[in-house]
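Undergrad: what shape does this take:
(2 chains)
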There are 2 protein chains.
Amino acid sequence: MTPTIGVFDSGFGGLTVLRALIERLPRARYAFLGDTARLPYGSKSRRTIARYAAESAQFLVREQGAEFLVIACNTASALALDAIQDAVPVPVLGVIEPGAMAARQGSTTGDVLVIATEATVRSRAYTAACHAQGLRALEKACPLLVPLVEEGWTRHPVTAEVIRIYLDELMRDAAAQGLNPDTLVLGCTHYPLLRPLIEKAVPAGVRVIDSAEAAADAAMKLFGERIPLPDAGQPPEPSLRFFATDSVEKFERLGSGFLGRPVRNVELVDLGG
Amino acid sequence: MTPTIGVFDSGFGGLTVLRALIERLPRARYAFLGDTARLPYGSKSRRTIARYAAESAQFLVREQGAEFLVIACNTASALALDAIQDAVPVPVLGVIEPGAMAARQGSTTGDVLVIATEATVRSRAYTAACHAQGLRALEKACPLLVPLVEEGWTRHPVTAEVIRIYLDELMRDAAAQGLNPDTLVLGCTHYPLLRPLIEKAVPAGVRVIDSAEAAADAAMKLFGERIPLPDAGQPPEPSLRFFATDSVEKFERLGSGFLGRPVRNVELVDLGG
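TA: Numbering: from 1, shown residues only, chains lettered A, B, ... in the order given. The predicted structure follows:
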């Protein structure tokens, strides 16, 4: 039987990771879980996040038969990857290490910028992962970008202006620290929807790396050979199941923009507490 | 002994209500609780919100000896006022009914606009409270305004532009429905920090009403006579205690802007799951 890849996020931003996975492995079966009842993870303690993430991972493996897991959530990847790996007997991949590895492959100067949510930046996980790759990293929290995406203003002049302000501040800070960055990592699963505006705003010579795509590339290396290849011609309709722990309505309404195809029949599940 | 007024919010936005209370009743003692570990309430079910709010109210009454409660949270006022009144043996005041009553006093046309968070708008609580006052109401969710306030952009051109866009949409919708509004209610405890920008953006003839101030006026009527009057001259330093269930750091860092004076010594409390 075709293996199932479980994809987990605290919300539905991780649908951008699922989208990148489907592009690369269209014949896998996918089960996506958004733990929407308990988001945001970012304001919670590491212990609580680890427990929530482990419960979500166990649902995907035990109830949905996932043979591989992709943690499509920067906060859970930063704070709970070990706990998830301990909780389930299948290979588990986060988004942060693939992002840092893609940055190393793309960077000539070795100086990397990362934009992410406040919680991800506070965890310093990208800085640590970049250091492990021999890179210097400067992270910046961009707390307005997720609300702007969720408002649907992904091509809006206000959003372009906010991005310009954030990137100006980041480039100034980088210069003040003597960095010469040539790579910008999108360290939040919402940000791929802003990629066209971000590409326009970055200075010449800075390449944008999407950690969602980097994670999907890493997944293809890790377990791609277990997935059947697509037939030539039209890609098949992917096998998708969606689960959420709350607010199915918002998930379906906003999710399609993240996935690039309709998100329907989201099933409500109760993981307790 | 001087009575204690308990003030409750899911976060720290309710500090704008506390500020308005202190201006009117400077000699009361205040205990403010922000249930920051369990925010946002807006995405949770009515039953869960009622339980959280009742636990918070009981903490203020039983542990802090509050003799009056002000629910400085629109979501909890909209969804859990009854549950709170059932849970504690003291007078309880929300922010929504006072906002609607102030609108009735201020409005000549009887047509009222309300801006608030998505959760508050979805509850239709302001519409119901306005109808009870014989007013017609049109509500609009403005989901970017809270993140803009929390980013500290309370006087920023981007924020002015976002407010202009939201109010233009709201005025267009009002005209399409044949309304002739002369009153705009700020139905979120974060919005008083944007009042200068909002005042600039509303059309001539539309008066801005702050539900935080309306709630403080109502509190003064309900239990003001039980609070000693201030001496003539300089107002006294108020007696304030702050409690939060998580993230004391953000509470102290951002809270001062809401309260208009330093927020220090926030005490961490555990209300359980």
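Undergrad: check for me that A:Pro236 belongs to a helix.
TA: No: looking at A:Pro236 with DSSP: H, G, I helix; E, B strand; the rest coil, it is coil, so not inside a helix.
Undergrad: buried sites along stretch A:57-65?
TA: For stretch A:57-65, the neighbour count (16 or more other C-beta atoms under 10 Å in any protein chain shown) marks A:Ala57, A:Phe59, A:Leu60, A:Val61, A:Gln64 as buried. Bear in mind the C-beta positions are built from the backbone N, C-alpha and C, glycine included.
Undergrad: got it, and stretch A:60-79?
TA: Buried residues in stretch A:60-79, defined by neighbour count with 16+ other C-beta under 10 Å: A:60-61, A:64, A:66-79.
Undergrad: and which of the buried residues of stretch A:57-65 is nearest A:Glu169?
TA: Using C-beta to C-beta, A:Ala57 comes nearest to A:Glu169 of the buried residues of stretch A:57-65, at 36.2 Å.
Undergrad: how many neighbouring residues does A:Pro228 have?
TA: Neighbourhood size, A:Pro228 [other C-beta atoms under 10 Å in any protein chain shown]: 12.
Undergrad: so what's it up against?
TA: Residues in contact with A:Pro228 (C-beta atoms under 8 Å, 6 or more residues apart in numbering or on different chains) are A:Thr2, A:Arg27.
Undergrad: which parts of the stretch 151-273 of chain A sit against chain B?
TA: Taking C-beta under 8 Å from any C-beta of the partner chain as the contact definition, the stretch 151-273 of chain A meets chain B at A:Glu151, A:Val158, A:Glu161, A:Val162, A:Ile165, A:Asp246, A:Ser247, A:Gly273.
Undergrad: try 7 Å this time
TA: A:Glu151, A:Val158, A:Glu161, A:Val162, A:Asp246, A:Ser247, A:Gly273 (C-beta under 7 Å from any C-beta of the partner chain).
Undergrad: in which helix or strand would I find the second one?
TA: A:Val158 is part of helix A:157-176, with elements assigned from DSSP states H and E.
Undergrad: run the chain-centre distance for stretch A:24-41.
TA: For stretch A:24-41, the distance from its own C-alpha centre to the chain's C-alpha centre is 10 Å (C-alpha atoms, centre = their mean, to the nearest Å).
Undergrad: report the mean per-residue pLDDT for that stretch.
TA: The pLDDT scores in stretch A:24-41 average 89.
Undergrad: now swap in stretch A:144-152 and tell me
TA: For stretch A:144-152, the mean per-residue pLDDT is 94.
Undergrad: now that stretch: buried residues?
TA: For stretch A:144-152, the neighbour count (16+ other C-beta under 10 Å) marks A:Leu144, A:Leu145, A:Val146, A:Pro147, A:Leu148, A:Val149, A:Glu150, A:Glu151 as buried.
Undergrad: coming back round to it: distance between the helix or strand following the helix holding A:Val158 and the chain's centre?
TA: Next in sequence after helix A:157-176, counting helices and strands by DSSP H and E, comes strand A:183-186. Centroid separation between strand A:183-186 and its chain, computed with C-alpha atoms, centre = their mean, is 13 Å.
Undergrad: stretch A:79-90 now?
TA: On C-alpha atoms, centre = their mean, the centre of stretch A:79-90 falls 17 Å from the chain's centre.
Undergrad: with just CA atoms, put that stretch into PDB.
TA: Extracted in PDB, the C-alpha atoms of stretch A:79-90 (Å, rounded to 0.1, in the frame of the first residue of the first chain):
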ATOM      1  CA  LEU A  79      11.000  23.200  20.800                       C
ATOM      2  CA  ALA A  80       9.600  19.700  20.500                       C
ATOM      3  CA  LEU A  81      11.300  17.700  17.700                       C
ATOM      4  CA  ASP A  82      13.100  15.400  20.200                       C
ATOM      5  CA  ALA A  83       9.900  14.800  22.200                       C
ATOM      6  CA  ILE A  84       8.000  13.900  19.000                       C
ATOM      7  CA  GLN A  85      10.800  11.600  17.900                       C
ATOM      8  CA  ASP A  86      10.600   9.900  21.300                       C
ATOM      9  CA  ALA A  87       6.800   9.600  21.100                       C
ATOM     10  CA  VAL A  88       6.500   7.800  17.700                       C
ATOM     11  CA  PRO A  89       8.400   4.900  16.000                       C
ATOM     12  CA  VAL A  90       8.600   6.500  12.600                       C
END
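Undergrad: other residues contacting that stretch?
TA: Identification of contacts with stretch A:79-90 by C-beta atoms under 7 Å, 6 or more residues apart in numbering or on different chains yields A:46, A:49-50, A:53-54, A:57-58, A:61, A:66-69, A:71, A:92, A:94, A:123.
Undergrad: kindly indicate which of those residues lies nearest A:Val269.
TA: The closest of those to A:Val269 turns out to be A:Gln58 (C-beta to C-beta; 11.8 Å).
Undergrad: show me the contacts for that closest one.
TA: If a contact means C-beta under 7 Å, 6+ apart, then A:Gln58 has A:Ala87, A:Val88 as its contacts.
Undergrad: next up, phi/psi of it, please.
TA: The phi and psi torsions at A:Gln58 (degrees, to the nearest 10) take the values phi -60, psi -40.
Undergrad: hmm, back to that, quick one: which of the residues of the stretch 151-273 of chain A next to chain B is most hemmed in?
TA: For these, counting by other C-beta under 10 Å, the largest number of neighbours falls to A:Val162: 27 neighbours.
Undergrad: show the pLDDT at the residue lying closest to A:Leu21 once chain neighbours are set aside.
TA: In space, and not counting its chain neighbours, A:Leu21 is closest to A:Ala216: 4.7 Å by C-beta to C-beta, 6 or more residues apart in numbering or on different chains. Per-residue confidence at A:Ala216 stands at 96 (pLDDT).
Undergrad: looking at the contacts of stretch A:79-90, which are in helices?
TA: A:Arg46, A:Ile49, A:Ala50, A:Ala53, A:Ala54, A:Ala57, A:Gln58, A:Ser123 (DSSP state H).
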